[in-house]
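Student: Fold the following and give me the result.
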Amino acid sequence: MKMEYQNISNSSQFACTSVVVSSTVLGLCFALGVPGNIAVLVMLTQHLKEGSFTPKLMLNLAVSDLLSLISLPVWIYALLNGWVFGQGLCKLFSYVVYWSLYSSVLSVTLLSVQRYLQVLYPQRWAKLGQKGQKGLIFGIWTSSGALGSYALYFRNVKQMDRLPVCHQDYRNNQDKLVVLLVETLVMFLVPLFSLLFFYLRLHQRISQSASFKSHRLTKLAIRIVVAFFIFSTPCMINNLVLMAVSWESDVSNNVTGALFFINSCVNPFLYAFSARTLRCRRKQHSDELQHQNETE
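Tutor: Numbering: from 1, shown residues only. Model (predicted):
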């Protein structure tokens, strides 16, 4: 009896520690990520008229990251005190988070495809035109909204460990498997194979070229994708474990979920690290316009 009580006490202490750690990580993500992504939005809006699709796609990624971060104070409060905001807001906030996360993932995936085509097959990419590019951005948001819509159905407020919790309330094990399988495929496996295929092919083709050093935006895109996989891998491993077992751990969900949000606040630092590249591109674009005006 004493040993059983000790195990329960240790488990409870470990759960409390995970909540504190997760809340701290989410708080840092909010403090660093929100102003960082706002700065990125301001910086990237200066490059939208240059015609390149990469800054537009990065802007879309920054908007997605910002949307996923602005609700973090609500989730931090819920981790520490329970969900006290009602069933409707539970569904709404969950949907916005899933919508923005799917948008981030699809933006990162399209980034790998776009850099591959624009660098190696510029004529094919040019055929897409401005309307086609806008269609791709619109497609990202509509697809993300559709993919994240299950949160409106499965997210509910339940009493767990004396506190109300906003969590995935699956009707049966089959629903759980379907949702986790979609998340694993769309949020991890599809982007992973896109990264391996497009960037490896891209590296093989341009590493032999003397102009490889000029493809700094490609390097920035690779850094963004690599950072995404570093912080999303624990969450996807957690999903695979949940598909294999019948029970669910709030500790693993909280910790891996907090790690997933780190990616949204890391991206602005990657942009800042490569800000010189974007300034050089902007100056080059201005010089080209000035040269065209002089020749006319």
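Student: and stretch 112-119, which residues are buried?
Tutor: 112, 114, 115, 116, 117, 118, 119 (16 or more other CB atoms under 10 Å). Using the backbone N, CA and C atoms, a C-beta is placed for each residue, glycine as well.
Student: Can you check the pLDDT for the closest residue to the fifth one other than its chain neighbours?
Tutor: Nearest in space to residue 117, with sequence neighbours left out and distances taken as CB to CB, 6 or more residues apart in numbering, is residue 125 at 4.4 Å. In this model, residue 125 is scored at 84, pLDDT.
Student: What about residue 125, how many residues nearby?
Tutor: 19 (other CB atoms under 10 Å).
Student: Quick one: residues contacting it.
Tutor: Counting by CB atoms under 8 Å, 6 or more residues apart in numbering, residue 125 touches 53, 114, 117, 118.
Student: want to try a markdown table for the buried residues of stretch 112-119, with pLDDT, distance to residue 196 and secondary structure as columns?
Tutor: What follows is these, written out as a markdown table (pLDDT from 0 to 100; distance: CB to CB, whole Å; DSSP: H, G, I helix; E, B strand; the rest coil):
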| residue | pLDDT | distance to residue 196 | secondary structure |
| --- | --- | --- | --- |
| 112 | 81 | 9 | helix |
| 114 | 85 | 16 | helix |
| 115 | 79 | 14 | helix |
| 116 | 82 | 12 | helix |
| 117 | 85 | 16 | helix |
| 118 | 80 | 19 | helix |
| 119 | 78 | 17 | helix |
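Student: Among these, which one sits closest to residue 150?
Tutor: residue 112 (25.8 Å; CB to CB).
Student: The closest one against residue 225, yeah?
Tutor: Yes. Counting by CB atoms under 8 Å, residue 225 is a contact partner of residue 112 at 6.0 Å.
Student: Find residues that contact each of the two.
Tutor: With CB under 8 Å, 6+ apart, residue 112 and residue 225 have common neighbours 191, 195, 199.
Student: Good, we can wrap up now.
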